[in-house]
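1. One predicted model, sequence on top.
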Amino acid sequence: MTTTAATSVTAPTSKVPTGHSARSQWKRRAPLLPALIFLIIVTQLPFVATLVISFMRWNALDPNNKGFAGIDNYRTVFTDPTLRSSVITTVVLTVTVVLVSLAIGFAVALLLNQSFIGRGIVRTMMIAPFLIVPVAAALLFKHGIYNPTYGLLNGSITSLWDLFGAKNPPQPDWIDSHPKIMVEAELIWQWTPFMMLILLAGLQSRDGEIMEAALVDGANPWQMFRNITLPHMRQYLELGGLLGSIFIVQNFDSVFTITSGGLGTANLPYTIYQTFFSAHDYGLASAQGVVVVAGSIVIATFALRVVSSLFVEEEAGR
Amino acid sequence: MTASATVAPSRSTTTRKRKSSGVRASSLSAGLASWLIGIIFFIPVAWMVLTSFHSESDAGTNPPKFGAPLTLDGYREFFGSGTGQSPWPALINSATASVVSTLLVLGLSIPAAYALSIKPVRKWTDVMFFFLSTKLLPPVAGLLPLYLFAQNVGLLDNIWLLVVLYTSMNLPIAVWMMRSFLVEIPPAILEAAAIDGAGLINIMRKIIAPIALPGIAATALICFIFSWNEMLFARVLTGVLAETGPVFLTSFVTSQGLFLAKVCAAATAVSLPVLIAGFAAQDKLVQGLSLGAVK
């Protein structure tokens, strides 16, 4: 299944000289084979099995009624309203988190690309959210920040009201009233550092000579940003967006921890987990999995294109 | 804001000298803005660590008591002084799965990267993109067959199953990273060594290893982080015996009265190895996260 994604990429032409004997080719291949074979067995075979099971009627709670189901599971996938809503949730969650964390990440990267006192400290502080174990981060937000009685958000509101001598500070139940936004906010907090790091690396790889030439020619900062920085950053923005999408589409930990998939926050990974782990409907869970894989291949194809364009550029520059 | 951003790269001293006072003023406001955003992003982490050292009654107040006396009670609670439920077996499982899978990843990825860079096979780019494409598909779609397989061969609730799965999860990242480090080795050195009669083992030991060592270390740290963080597979495929740190944390998902200090202590303790590994690999973090595409 993955090979379709791989072959659609225009691969840079190989530099390997042709005309080697078959034996020397195998000698070259030997160090590669263990990794390749291992990966094919562990990651590709399960997908094939998923594809097969997706056409079966198979519920672990009803083991005798097992057999070929044709496209019944797929019909359920595309007609079940809860599933459709989890597709929409996944898309909204992914797009929101990726775009917002890209925007904040880009702003922070532009700021951090300049010299100021304590730049290293700010960079370290910015990276820290990404280095909290995802489940731990989600727990921290659920109990430590969003909790209506002792969370930091409502606590800060109380402090602020006390400061001005006001009475009856509002104490909203954040997760109950805005479940999706709260999950998204937690993910944006974790993923902004990721975007920031990629974009900062992009900013630092700009050609200094071109920048200086533009300065000498009297380009103003906006012109330089618009005509040099943005075009150069395009591929880094794409890369951050696509890699972020791939990771966030797969997100399970935050949804599981903060809302347990309730209040309309169940995304596709969570729904598949539920179908398989709670409903024990193996056939349906597999069909859902195949649909998710198909969707991912679309994103993956674009991602591979971007990565390969960066890759070719780098190889050419070598 | 963008004014001085475009003056970079700040490495070159000539551009730095040329900065006008106007640029310096905008640099000051950029510095202030950076500090502000940095602090906002850091507050949850600081709050987590601070609360983990408060007593439960101080942690559960509204408004928050930032200056409450510090105590290790939260950590004592997390490590099972009250409930008798120790997280140590889970943490040891996490360490086993992360360390062993990382070693396996290195053992598989270094030779593979060698065959993709120093002595490349034909169509090596296709191989590279095959490795990458396995990383782009949602692992949840392969979870059910893995579960059924583990059930049939009696590997459910066995930490070694996670070792194998985490190895496959990190192998593509490691191959991409390792290759990007190995291609940095100038081919002339390798040729010179070969002409001088150095064998493959000697070339590996004396030339490749010293140059690639920082890269190997960074790759290892990043693989360690990803394995340590993983929760979905661990939750589905393990039970009592092989549960990992993140699975242990899921026992805090439902509220249990005043337990914020304990939760914060748990979150801090479980995240500590990742924080250490992440800051140690800070310079190479972006390279690993972007699968070697960005340096």
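-> All right, it came through fine. Residues are numbered from 1 along each chain as shown, chains lettered A, B, ... in the order given.
2. CA only for contacts and neighbour counts going forward, please
-> Noted.
3. got any ranges where the chain has weak pLDDT?
-> Let's take chain A. For chain A, the stretches with pLDDT under 70 are A:1-20, A:314-318.
4. that answer is for a different chain, and I need it for chain B
-> Using pLDDT under 70, chain B drops low at B:1-26, B:291-293, B:295.
5. Could you chop it up by domain?
-> For chain B, automatic domain parsing gives the domain ranges B:2-78, B:88-289.
6. Out of those domains, which is the most enclosed?
-> Across the domains of chain B, averaging neighbours per residue (mean count of other C-alpha atoms under 10 Å in any protein chain shown) puts domain B:88-289 on top, at a mean of 20.
7. That one spans what distance, first to last residue?
-> Using C-alpha to C-alpha, to the nearest Å, the gap from the first to the last residue of domain B:88-289 comes to 29 Å.
8. Centre-most residue in the chain?
-> In the absence of a named chain, chain A is used. Central residue of chain A (C-alpha atoms, centre = their mean): A:Phe247, 2.4 Å from the mean position.
9. try again with chain B
-> Most central in chain B (C-alpha atoms, centre = their mean) works out to B:Ile225, at 2.7 Å.
10. if I read this right, that residue contacts B:Val274, doesn't it?
-> Yes. Contact criterion C-alpha atoms under 8 Å: B:Ile225 and B:Val274 qualify, at 5.5 Å.
11. rewinding a little: okay, and the residue nearest to the centre of chain A sits in which element?
-> helix A:230-249 (DSSP states H and E).
12. What are the buried residues along that helix?
-> Neighbour-count burial for helix A:230-249, counted by 16 or more other C-alpha atoms under 10 Å in any protein chain shown, picks out A:232-233, A:235-249.
13. now swap in stretch A:137-145 and tell me
-> Buried, per 16+ other C-alpha under 10 Å, within stretch A:137-145: A:Ala137, A:Ala138, A:Leu139, A:Leu140, A:Phe141, A:Lys142, A:His143, A:Gly144, A:Ile145.
14. before we move on, what about stretch A:161-173?
-> Buried-residue list, stretch A:161-173, by 16+ other C-alpha under 10 Å: A:Trp161.
15. ok, it near chain B or not?
-> No. Stretch A:161-173 stays out of contact with chain B when judged by C-alpha under 8 Å from any C-alpha of the partner chain, the minimum separation being 8.8 Å.
16. what sits up against that stretch?
-> With contact meaning C-alpha atoms under 8 Å, 6 or more residues apart in numbering or on different chains, stretch A:161-173 is reached by A:Tyr146, A:Asn147, A:Pro148, A:Thr149, A:Asn154, A:Ile157, A:Thr158.
17. Would you map the helices across the stretch 151-300 of chain A?
-> For the stretch 151-300 of chain A, the helices defined by DSSP state H, counting those that start in this stretch occupy A:152-163, A:174-177, A:179-204, A:208-216, A:221-224, A:230-249, A:253-254, A:268-277, A:282-317.
18. okay, these in a markdown table with distance to B:Asp196 next?
-> As requested, the helices of the stretch 151-300 of chain A are arranged in a markdown table below (distance: least, C-alpha to C-alpha, whole Å):
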| stretch | distance to B:Asp196 |
| --- | --- |
| helix A:152-163 | 67 |
| helix A:174-177 | 69 |
| helix A:179-204 | 39 |
| helix A:208-216 | 40 |
| helix A:221-224 | 51 |
| helix A:230-249 | 43 |
| helix A:253-254 | 55 |
| helix A:268-277 | 56 |
| helix A:282-317 | 28 |
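19. Quick one: list the elements packing against the biggest helix by length in chain B.
-> When chain B is parsed with DSSP state H, its longest helix is helix B:21-52. Contact here means 3 or more C-alpha pairs under 8 Å, 6 or more residues apart in numbering or on different chains; DSSP states H and E; on that basis helix B:21-52 packs against helix A:81-112, helix A:119-127, helix B:2-5, helix B:260-280.
20. gap between A:Ser24 and A:Ala35?
-> Going from A:Ser24 to A:Ala35 by C-alpha to C-alpha gives 19 Å.
21. more crowded one of the two?
-> A:Ala35 (25 against 11; other C-alpha atoms under 10 Å in any protein chain shown).
22. Which strand or helix spans the more buried one?
-> Judged by DSSP H and E, A:Ala35 forms part of helix A:33-39.
23. which other helices and strands contact that helix?
-> In terms of contacts (3+ C-alpha pairs under 8 Å, 6+ apart), helix A:33-39 is packed against helix B:88-117, helix B:159-182.
24. TSV for the ones you listed, including distance to A:Val87?
-> Below are the helices and strands packed on helix A:33-39 laid out as TSV (distance: least, C-alpha to C-alpha, whole Å):
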stretch	distance to A:Val87
helix B:88-117	32
helix B:159-182	25
